[in-house]
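[1] I'll drop the sequence and a predicted model, then ask my questions.
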Amino acid sequence: MRTRFKKSRSDYPAGILAIYDNGGKTADRYCVVFAPAATGRQNHFTTLTMSARPYHPQGVGITAEHSTRPTRSVGDRVISLEALPDDCRQCVEEYMSEPVEASGGPGYPGHCPEGMDWSAWLAMNNVD
């Protein structure tokens with residue numbers, strides 16, 4: 001049985017489940033949770049955590065994998081993609097456009113089979 005993963009906001013693009021802002025309590029202020037890629041029988045959630053300037057030499061831009069869906073901490077706010085600083089949005093867009101590895105890549109089910117609609121492929125793999 002496949003599990004469908006609910007987005008924290010309905011306006012997130014396909015592949016993003018949540019975006020959290022901790023208000024600047026830590027250097028990795030923003031956290032983007034990507035929809036999981038099924039690898040065998042286990043789901044792996046990828047996160048991208050960033051400072052407001054992830055490309056700065058002292059900025060933060062780190063990916064991590066989790067076996068369960070990361071949730072927000074006390075005090076974190078759920079925010080829209082548009083609420084992220086420009087550099088963070090660019091970082092998310094670049095990450096989502098990277099080629100998908102055989103292991104599943106950034107929360108995507110792999111390359112869409114030829115002749116199949118991308119939305120249908122995402123739905124078939126439980127990515128809203």
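    Okay, I see it.
[2] how distant is stretch 63-71 from the center of its chain?
    For stretch 63-71, the separation from the chain centroid amounts to 10 Å (computed by C-alpha atoms, centre = their mean, to the nearest Å).
[3] residue 88: what secondary structure?
    Following DSSP: H, G, I helix; E, B strand; the rest coil, residue 88 is assigned to helix.
[4] need phi/psi at the closest residue to it other than its chain neighbours.
    With sequence-adjacent residues excluded and distances taken as C-beta to C-beta, 6 or more residues apart in numbering, residue 88 is closest to residue 50, at 5.0 Å. Every residue, glycine included, has its C-beta placed from N, CA and C. Backbone geometry at residue 50, expressed as degrees, to the nearest 10, gives phi -150, psi 150.
[5] need the three-state assignment for residue 49.
    Quick answer, by three-state DSSP: residue 49 is strand.
[6] just residue 53 next, same as before
    Residue 53 ends up coil, using three-state DSSP.
[7] any idea how far it is from residue 120?
    38 Å (C-beta to C-beta, to the nearest Å).
[8] before we move on, the earlier item: count of neighbours near the residue nearest to residue 88?
    Residue 50 has 25 neighbouring residues, counting by other C-beta atoms under 10 Å.
[9] tell me what it is bridged to.
    Beta-bridge partners recorded for residue 50 (DSSP bridges): residue 30, residue 61.
[10] residue contacts, it?
    Residue 50 sits next to 28, 29, 30, 31, 32, 59, 60, 61, 62, 87, 88, 91 when contact means C-beta atoms under 8 Å, 6 or more residues apart in numbering.
[11] between residue 53 and residue 120, which has more neighbouring residues?
    residue 53 (16 against 11).
[12] for the more buried one, which non-adjacent residue is spatially closest?
    In space, residue 53 is closest to residue 59, 4.5 Å off (C-beta to C-beta, 6+ apart).
[13] cool, residue 55 as well?
    Here the residue nearest residue 55, using C-beta to C-beta, 6+ apart, is residue 87, at 5.6 Å.
[14] am I right that residue 69 sits in a helix?
    No. Under three-state DSSP, residue 69 sits outside any helix and is assigned coil.
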